[in-house]
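In: need a structure here:
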Amino acid sequence: MVAFFGLHVGRTNSCVAVCKDGAPDVVANDAGDRVTPAIVSFTSGEIIVGLPAKQSLFRNASNTITKCKELLDVTSPEESDLPDLQKTSTCPVVLKNGKLFYEVEVDEKTKQVPTTDALSHIYQKLYDIAIHHSNAVDESMKAVLSVPLCFSSEVRKSVWKAAEKAGFNVLQVISEPAAALLSYGVGQANKHEALTCMVYRCGGTTLDVSIVDVRGGMYHVICSEHRKLGGDKFTALIANFLADEFQHKWKLDPRESRRSMSKLKAAAEDCKHILSTLNTAQCFVESLHEGVDMNSNVSRARLDMLITQDLSNFVEPIQAALSKAGLALTDINKVVVCGGATKMPRLQKAVAAALPESEMLTSLTADEVVALGCCNQAAIMGEPWDPTCDLRQVAIPVTSKSISVKCGDEDERQTMDVFSAKTPLSSRFSIQIPLGKKHHLAVVDVFEDTELVAKLTLTNLPEAPSVVANFHLASDGSLHVALTEKITGVTTATTIATVLE
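Out: All right, here's what the predicted structure looks like:
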């Protein structure tokens, strides 16, 4: 069977999912972890990616690239921007000929690494994980990638090329909100379902709240709120708490040493992930500061207390996005929670409390959601999408009115939804028509909103008939309806002029 892959490279971590025999799952790396740090480290004659690069970060910080995704979408950078851009990286960031580069030292020689090359090294790591799992040949490494909603068409193409350079056969590049919804199949099983959904994605350094209109199985992003806020904030709170405990016990302050704080932040991050699933975590750092070891227990209750003061900042973008879209809390039907920081139960509860009327979708592991959505899309597509086509700039015609039917006897009438308003053209849908007491007769009334626009009747039906109604919203906006009796093959049909929005 052909394997289809979904790839997600975030600012902090990356993930690869595979779909074989119709069953999507996340592929573990060589360390057995289901997510891989998006970190690239340069050493003598070797490029290290993932967990080993993260573990050597405090020893080789100046030659280690972190959060390379931050610089990808920086357009027209200037020298005055460098101090702020430098904050996103542990190694120097330089500007040359209007482009940004990471500056590392390899074999006592200075090397300038383009941001796309750093990204390609991460995709190469994901490629090695994927091909080891599937034992596939290079030509079959079909994959769909995810990028933030704000990425321009030019940056999307550069991401596409970076993944192809690593060896993947890229089918399409989709936005992270779309991938998150696809992971749960929102709006895919029932194409006439009309939903307004929210995607709450909180990673290591960024928070995005997107409101998405779901019609006819297609997604339209109404608005999005972006914040420079993420799980690193919680990590810093834990690290400061541990530093205070260490100072109180040993009268030594690890904050005086950058090396000590690098070790402490790594321990704090591990503690944060452990407390997402367990009630207690033990933090041990050998020779934290001046040769003294640190050994401390942190409970989930303590973590919840530490982060409570900042939760309002994480919830505020929800209301900001609703205000921008002109919607109320009750208008949101489903909420997809994704991103590594949202694994924390206290944050999930805060989001749920902010949207009490909405269905929370949290059954999938939060930092695997986007990759799984890309994987589902790859399995559906099968063949590459035209890379020159940017769906964010394509106007897709939709219906302005909802389509519904009433069927059955005059005494027993049932109403059934067919197409919701804003369903994209062209669309098709078929339904089994329930019959009343008069099984020899099938009557279907077709409505646009509340206006009756057509009445279709099948007469002289056989005993135990099976009647199917086929609806086709054509690309010109006309609605074609046909009633067919399966046994006899008798059909009655009509065409209705509809109005486009």
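In: and residue 455, how many residues sit next to it?
Out: 11 (other CB atoms under 10 Å). C-beta: built from backbone N, CA, C; applies to glycine.
In: Help me confirm that it is found in a strand?
Out: Yes: under DSSP: H, G, I helix; E, B strand; the rest coil, residue 455 falls within a strand.
In: Helices of the stretch 351-500 of the chain, start to end?
Out: Secondary structure of the stretch 351-500 of the chain (DSSP state H, counting those that start in this stretch): helices at 369-381.
In: cool, and the stretch 101-250 of the chain?
Out: Secondary structure of the stretch 101-250 of the chain (DSSP H, counting those that start in this stretch): helices at 115-134, 153-166, 176-183, 231-250.
In: which of those is buried the deepest?
Out: helix 176-183 (a mean of 27; mean count of other CB atoms under 10 Å).
In: Against which helices or strands is that helix packed?
Out: When contacts are defined as 3 or more CB pairs under 8 Å, 6 or more residues apart in numbering; DSSP states H and E, helix 176-183 packs onto strand 4-9, strand 142-147, strand 195-202, strand 207-215, strand 218-227, strand 334-338, helix 369-381.
In: Please convert the ones you listed to a markdown table, extending it with distance to residue 283.
Out: Shown next, in a markdown table, are those (distance: least, CB to CB, whole Å):
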| stretch | distance to residue 283 |
| --- | --- |
| strand 4-9 | 28 |
| strand 142-147 | 33 |
| strand 195-202 | 23 |
| strand 207-215 | 26 |
| strand 218-227 | 28 |
| strand 334-338 | 26 |
| helix 369-381 | 28 |
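In: Buried deepest among the ones you listed, which one?
Out: strand 4-9 (a mean of 30).
In: ok, residue 221 touching residue 176?
Out: No: the pair residue 221 / residue 176 is not scored as a contact, 10.4 Å apart, by CB atoms under 8 Å.
In: Need the overlap of contacts for those two.
Out: residue 149 (CB atoms under 8 Å, 6 or more residues apart in numbering).
In: right, so of the helices of the stretch 101-250 of the chain, which gets closest to residue 196?
Out: Among the helices of the stretch 101-250 of the chain, the nearest to residue 196 by CB to CB is helix 176-183 (11.6 Å).
In: mind saving the C-alpha coords of the closest one as CSV?
Out: Provided in CSV are the C-alpha atoms of helix 176-183 (Å, rounded to 0.1, in the frame of the first residue of the first chain):
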residue,chain,number,x,y,z
GLU,A,176,-2.5,25.0,10.2
PRO,A,177,-6.2,25.8,11.0
ALA,A,178,-7.3,23.7,8.1
ALA,A,179,-5.0,20.9,9.1
ALA,A,180,-6.4,21.0,12.7
LEU,A,181,-10.0,20.7,11.4
LEU,A,182,-9.1,17.9,9.0
SER,A,183,-7.5,15.9,11.8
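In: what angle do that helix and strand 195-202 make?
Out: 110 degrees (axes from the mean of the first three to the mean of the last three CA atoms, to 10 degrees).
In: Need the helices and strands packed on helix 176-183 in a markdown table (columns: mean pLDDT and distance to residue 242).
Out: Formatted as a markdown table, those follow (pLDDT from 0 to 100; distance: least, CB to CB, whole Å):
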| stretch | mean pLDDT | distance to residue 242 |
| --- | --- | --- |
| strand 4-9 | 95 | 30 |
| strand 142-147 | 94 | 34 |
| strand 195-202 | 97 | 23 |
| strand 207-215 | 95 | 24 |
| strand 218-227 | 93 | 26 |
| strand 334-338 | 97 | 27 |
| helix 369-381 | 93 | 30 |
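In: State the number of residues packed around the residue nearest to residue 445 when sequence neighbours are not counted.
Out: Nearest residue to residue 445, sequence neighbours excluded (CB to CB, 6 or more residues apart in numbering): residue 406, at 4.5 Å. By the criterion of other CB under 10 Å, residue 406 has 15 neighbours.
In: ok now do residue 406, which residues does it touch?
Out: 413-416, 444-445, 447.
In: do the same with residue 472
Out: 426-428, 479-481.
In: got a list of what the closest residue to residue 340 other than its chain neighbours touches?
Out: Leaving aside its chain neighbours, residue 340 sits nearest to residue 367 (4.1 Å; criterion: CB to CB, 6+ apart). Going by CB under 8 Å, 6+ apart, residue 367 touches 10, 13, 15, 35, 203, 338-340, 343.
In: Out of those, give me the one that has the most neighbours.
Out: Neighbour max across the contacts of residue 367 (other CB under 10 Å) = residue 338, 33 neighbours.
In: Apart from its neighbours in sequence, what residue is nearest that one?
Out: In space, residue 338 is closest to residue 369, 3.8 Å off (CB to CB, 6+ apart).
In: closest one to residue 378 among the helices of the stretch 101-250 of the chain?
Out: Using CB to CB, the helices of the stretch 101-250 of the chain put helix 176-183 closest to residue 378, at 10.0 Å.
In: ok and that closest one relative to strand 218-227, angle-wise?
Out: Going by the same axes, to 10 degrees, helix 176-183 makes 130 degrees with strand 218-227.
In: what is the mean pLDDT for helix 176-183?
Out: Per-region confidence: helix 176-183 scores 96 on mean pLDDT.
In: next one: stretch 342-360
Out: 96.
In: pLDDT at residue 489, what is it?
Out: Looking at residue 489, the pLDDT reads 64.
In: my bad, should have said residue 501
Out: 40.
In: low pLDDT regions in the chain?
Out: Low-confidence segments of the chain, defined by pLDDT under 70: 1, 135-139, 383, 385-394, 409-411, 436-439, 464, 487-490, 493-501.
In: Could you chop it up by domain?
Out: Annotated domains of the chain cover 4-172, 187-363, 403-496 [automatic domain parsing].
In: Columns distance to residue 378 on top of these, output as JSON lines?
Out: JSON lines is the format used below for these (distance: least, CB to CB, whole Å):
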{"stretch": "domain 4-172", "distance to residue 378": "4"}
{"stretch": "domain 187-363", "distance to residue 378": "14"}
{"stretch": "domain 403-496", "distance to residue 378": "21"}
